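K.L.:
Fold the following.
(2 chains)
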Amino acid sequence: MKTEYRTHTCGELSAAHENQIVVLAGWVAKQRNHGGMVFIDLRDREGLIQIVFHPERDKPMTERAGRLRMEAVIAVRGRVTRRPQEMVNKDLRTGEIEIEAHELNVLNEARPLPFMIRDDNDASDELRFQYRYLDLRRPVMQKNMMLRHRAGQTVRRFFDEEGFTEIETPYLMKSTPEGARDYLVPSRIHRGRFYALPQSPQTYKQLLMIAGYDRYFQIVRCFRDEDLRADRQPEFTQIDVEMSFVGEEDVLNTVERLMARLFQEILGIHLDTPFPRLAYQEAMDRYGSDHPDLRFGMEIQDISDWACRVPFRVFQETLRKGGRVRGFKVENTFFSRRQTDDLTEYVRLLGVGGLIAVQWRDGEMISPLVRFLEDSQKNELTRLFNACEEDAIFLTADTEALCCESLGSLRKKIAENLNRVDTNRYSPLWVLDFPLLEWNEEERRYVARHHPFTSPNEEDWDLLETAPEKVRARAYDLVLNGYEIAGGSIRIHNRPMQDRMFGVLGLSPESAEDKFGFLLKALEYGAPPHGGIAFGFDRLVMLLAGETSIREVIAFPKTTSALSLMDGSPSGVGLEQLGELGLKINRKD
RNA sequence: GGGGCCGUAGUUCAAUUUGGUUAGAGCGCCGGCCUGUCACGCCGGAGGUUGCGGGUUCGAGACCCGUCGGCCCCGCCA
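P.N.:
Residues are numbered from 1 along each chain as shown, chains lettered A, B, ... in the order given. So this is what the prediction gives:
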């Protein structure tokens, strides 16, 4: 990439350029001053190369080079030379060669750094976020950002080739009930009224289908004013997709081809298609999660039938109240008392009463449960889990929901602690047949599990008003290595069903009209059957990059408390600005 | 809203378990030496309101309360 300042980039040079006179520009990654000769590792986006300054050639220049500090920006003219055999650096891509400096131009000095620009730097996150522009100089971060770029380009190429049109949708839109808390934007022109930033372009993409665009996609920013996690930011990027005249298989198939393409182009990894599928209920029963990680076993089993014959009060009472007894096996591990105590504390925090470990020592079963068990019951338990004496079994007794939740979390935690997760594997999975609705105790009503535009399964239509919790949705989630990375559904495309759905959600016709009237009306003007999906692009890139936090693949992320440490947002604004918007701050402590 | 871990030199950490002399080390920074290093090496030096506020104590980096900030989790996230 030749420019006014350089003829080549550092990383692109090799022995093939031997004897060429080149000009490079970049940052001083490291300087090694030997009193006589001086070595400088020059870094740019493309890589690192060693520059050699010989005092015999130019003493003042060599001395200037010897005084350079890390991260000074310099340009160097010099000759590409092959290193003597014994001085080749095999750890460096350009290690066969070096640049014999003829001319040094210091373009900018750098102050002593708050932390060093190295991949193995272990600066605190706080400092990294504060000096994000320095953090982003680290090769690993540059790699992540470029991977993100390439993934985005692959997505665009794929959808373009598949006949999708990328259409931008508004960022200033109508605030709607249901779902996450909106970020609000006050209107200056219409005082007292607000726009909302989109939680997703859901309604717009449906309107685009009604408008006849057939296939739409967009790589788009979405905003949700909720608390953060390692895999959640208040603003995040979706690959938003919608298709007309499709059923589930059309969407799933398209997504599988996109995923296969991404993994091939970005990582050179072949993904087998079609992806495995699990029904929601099966995922919950076997893994205690609707987004299970299938890279390790430890499947959960229901042993209520066995437990009902054990005269252990907790089992008896739990089962009498309609709860379950479930557990899973951990192969080839013995947990110390201390460890089982810690794990018990862990599940207690999730809300279950306790955790029962079953293990063996010297051929004897050891467990708080042992004194309640006949020999035959011990054998039966062992057989149920197909366990041997090197294994450990963990059991909980509680409501079905708590059994799932606690054992699902515990399964994941133990696998991580014991390094039982094959981190080189990518394990995609479809989860299907989600319940359409779930009961919200706080609001005393049913809420949409996915969103209120999701089509109920036709076979379950009759249950909508009589047994809403039993209605299955035409929804699907794509799970990768235990992360939900995409979710979508076939939508409701006619007004009567959408009215019915709002009714089930406890939304009055007036309220539905007020909040979603524009969509309801549009459904009456020839809405085609349609469906789609949206990817969490940050999570997807995080997994492609082998990271465990999406902050590592977002250039300027927020902290856990939604602050931007670099620019100090959110910040206060002047009274003038507030006045213009007709706003008054009500500070209460 | 709740829980857990953490906050000591520019930086990464130690000293906290059991409160007790002058708060140490690596890297960086400054000065000197060093002509084939690539974590260059050697010698010397500067650098601290122990996040902030209060309390307990003869004495607090350490213990207690509050607060601010970071990370992780629960709730929340259609």
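K.L.:
Residues of the stretch 151-300 of chain A that sit close to RNA strand B?
P.N.:
A:178-181, A:199-200, A:202, A:224, A:226-232 (Cβ under 7 Å from any atom of the strand). To be clear about C-beta, it is placed using only N, CA and C from the backbone, and glycine gets the same treatment.
K.L.:
Can you show me the helices along the stretch 301-450 of chain A?
P.N.:
A:304-307, A:313-320, A:337-349, A:375-384, A:400-417 (DSSP state H, counting those that start in this stretch).
K.L.:
what's near enough to touch A:Met61?
P.N.:
Residues counted as contacts of A:Met61 (Cβ atoms under 8 Å, 6 or more residues apart in numbering) are A:Phe53, A:Ala101, A:Glu103, A:Leu104.
K.L.:
right, I mislabeled it, should have said A:Val553
P.N.:
A:Val553 neighbours (Cβ under 8 Å, 6+ apart): A:Asn144, A:Met145, A:Leu147, A:Arg148, A:Asp538, A:Val541, A:Met542, A:Ala545, A:Glu547.
K.L.:
Most neighbours of all these, which one?
P.N.:
If you count neighbours using other Cβ atoms under 10 Å, the busiest of these is A:Val541, which has 27 neighbours.
K.L.:
Could you say which helix or strand holds it?
P.N.:
helix A:537-545 (DSSP states H and E).
K.L.:
A:Glu580 now?
P.N.:
helix A:575-581.
K.L.:
Pull the residues that contact that helix.
P.N.:
A:Pro186, A:Ser187, A:Arg188, A:Arg191, A:Lys584, A:Ile585.
K.L.:
ok, back up a step: out of the contacts of A:Val553, the closest to A:Val73 would be?
P.N.:
A:Met145 (19.7 Å; Cβ to Cβ).
K.L.:
ok, the closest one - contacts?
P.N.:
A:Leu136, A:Val553, A:Ala555.
K.L.:
Just to be sure, which of those residues are found in strands?
P.N.:
Using DSSP state E, no member of those sits in strands.
K.L.:
if we can go back for a sec, what is the helix holding A:Val541 packed up against?
P.N.:
In terms of contacts (3 or more Cβ pairs under 8 Å, 6 or more residues apart in numbering; DSSP states H and E), helix A:537-545 is packed against helix A:139-161, strand A:235-244, strand A:483-490.
K.L.:
Of all the ones you listed, which one is nearest A:Glu63?
P.N.:
A:Glu63 lies closest to helix A:139-161 among these, at 29.2 Å (Cβ to Cβ).
K.L.:
What average pLDDT does the closest one get?
P.N.:
The predicted model assigns helix A:139-161 a mean pLDDT of 97.
K.L.:
could you check the angle helix A:537-545 makes with it?
P.N.:
Orientation of helix A:139-161 against helix A:537-545 (axes from the mean of the first three to the mean of the last three Cα atoms, to 10 degrees) gives an angle of 120 degrees.
K.L.:
in its sheet, what does the next helix or strand after helix A:139-161 sit against?
P.N.:
Following helix A:139-161 in sequence order, the next helix or strand is strand A:165-166 (DSSP H and E). Strands adjacent to strand A:165-166 in the sheet, as given by DSSP bridges, are strand A:215-223 (parallel).
K.L.:
which parts of the strand it pairs with are buried?
P.N.:
Neighbour-count burial for strand A:215-223, counted by 16 or more other Cβ atoms under 10 Å, picks out A:Arg215, A:Tyr216, A:Phe217, A:Gln218, A:Ile219, A:Val220, A:Cys222, A:Phe223.
K.L.:
Serialize those to JSON lines and add fields for distance to A:Asp362 and pLDDT.
P.N.:
JSON lines is the format used below for the buried residues of strand A:215-223 (distance: Cβ to Cβ, whole Å; pLDDT from 0 to 100):
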{"residue": "A:Arg215", "distance to A:Asp362": "65", "pLDDT": "98"}
{"residue": "A:Tyr216", "distance to A:Asp362": "66", "pLDDT": "98"}
{"residue": "A:Phe217", "distance to A:Asp362": "62", "pLDDT": "98"}
{"residue": "A:Gln218", "distance to A:Asp362": "63", "pLDDT": "98"}
{"residue": "A:Ile219", "distance to A:Asp362": "60", "pLDDT": "98"}
{"residue": "A:Val220", "distance to A:Asp362": "61", "pLDDT": "97"}
{"residue": "A:Cys222", "distance to A:Asp362": "58", "pLDDT": "97"}
{"residue": "A:Phe223", "distance to A:Asp362": "59", "pLDDT": "96"}
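K.L.:
Can you spell out which helices and strands pack onto the helix or strand bottoming out on mean pLDDT in chain A?
P.N.:
Least confident helix or strand, chain A: helix A:337-349 with a mean of 85, by mean pLDDT, DSSP states H and E. With contacts taken as 3+ Cβ pairs under 8 Å, 6+ apart, helix A:337-349 sits against helix A:400-417.
K.L.:
OK, contacts around A:Gly408?
P.N.:
Contacts of A:Gly408 by Cβ under 8 Å, 6+ apart are A:Met284, A:Tyr287, A:Gly288, A:Ser289, A:Pro292, A:Ile300.
K.L.:
hang on, the earlier thing: quick check: of the contacts of helix A:575-581, which lies closest to RNA strand B?
P.N.:
When the contacts of helix A:575-581 are compared for distance to RNA strand B (Cβ to the nearest atom of the strand), A:Ile585 wins out at 16.3 Å.
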